[in-house]
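Undergrad: please find the sequence and the predicted model below.
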Amino acid sequence: MREVLLGQSHLDTMYTINSVGKVAFWMEKLDAAKLLGEKCITALLKSPDEKSGLFIEVSGWLLQVYISQGRLDDAEALQSMAVKYTERVFGGNNSKLIGLLLEQSKLLIMLGKDQDAVDVCKRSLEIVRQTYGDRHEAVDEVQEILRAMLQKVHREGTAKQ
């Protein structure tokens, strides 16, 4: 009803769709959550200005829906879209990208795209260093993730030989 009265792209409607979608996800109603999340993302892409935080929130839980459903290709496309959207709205080296890039690198590992995952994680590390300097716990955390990825790539490369 609210959607009919206010129009699909109205900000209040998007927040409502987001809330209902999250509840559907928590209740493990994944098909309903997927439909609501995709509807919200589509509407948010049409007018990105003041809704950027909402886009990141919706794409975060929708990503988990896709992963839960085994739709890793859809998850990769959504995560890539979220990174590009965030770059466009906030700039290419904004701290908001750090978590998105780390999630993207984990997803790439799941897809077997190990070298791509390492490259994305390295980019995240660069942004962390630019944002916080070299002596911050976030740098240590991202370096640890990168180290684990590099070890995995090395182990798999050695196993193939």
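TA: Perfect, thanks for sending it.

Undergrad: so where's the longest helix in the protein?
TA: helix 137-160 (DSSP state H).

Undergrad: average pLDDT for that one?
TA: Helix 137-160 shows a mean pLDDT of 81 in the predicted model.

Undergrad: now do the buried residues in it.
TA: Neighbour-count burial for helix 137-160, counted by 16 or more other CB atoms under 10 Å, picks out 138, 139, 142, 145, 146, 149. Using the backbone N, CA and C atoms, a C-beta is placed for each residue, glycine as well.

Undergrad: which residues touch the fourth one?
TA: Contacts were defined as CB atoms under 8 Å, 6 or more residues apart in numbering; by that measure residue 145 touches 102, 105, 121.

Undergrad: quick check: the second one touching residue 150?
TA: No. The criterion here is CB atoms under 8 Å, and residue 105 misses it with residue 150 at 11.6 Å.

Undergrad: what touches both of these two?
TA: Overlap between the contact sets of residue 105 and residue 150, as judged by CB under 8 Å, 6+ apart, is given by residue 118.

Undergrad: shaky segments in this protein?
TA: In the predicted model of the chain, residues 1-9, 47-52, 157, 160-161 satisfy pLDDT under 70.

Undergrad: circling back to that earlier point, could you dump the buried residues of helix 137-160 to TSV with distance to residue 43?
TA: Formatted as TSV, the entries for the buried residues of helix 137-160 read as follows, by distance: CB to CB, whole Å:
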residue	distance to residue 43
138	33
139	37
142	33
145	33
146	36
149	35
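
Undergrad: from those, which is closest to residue 63?
TA: Proximity to residue 63 was ranked across those by CB to CB; first place goes to residue 145, at 17.6 Å.

Undergrad: chain center to the strand or helix carrying residue 40: distance?
TA: Under DSSP states H and E, the secondary-structure element containing residue 40 is helix 30-46. Between the mean C-alpha location of helix 30-46 and the chain-wide mean there is a distance of 14 Å, by CA atoms, centre = their mean, to the nearest Å.

Undergrad: what sits up against the helix or strand just after it?
TA: Heading C-terminal from helix 30-46, the first helix or strand you meet, by DSSP H and E, is helix 52-68. Outside helix 52-68, the residues within contact range by CB under 8 Å, 6+ apart are 11, 14-15, 18, 21-22, 25, 30, 33-34, 37-38, 40-41, 44-45, 48, 72, 74-75, 78-79, 81-82, 85-86, 89-90, 96, 100, 103, 107, 110.
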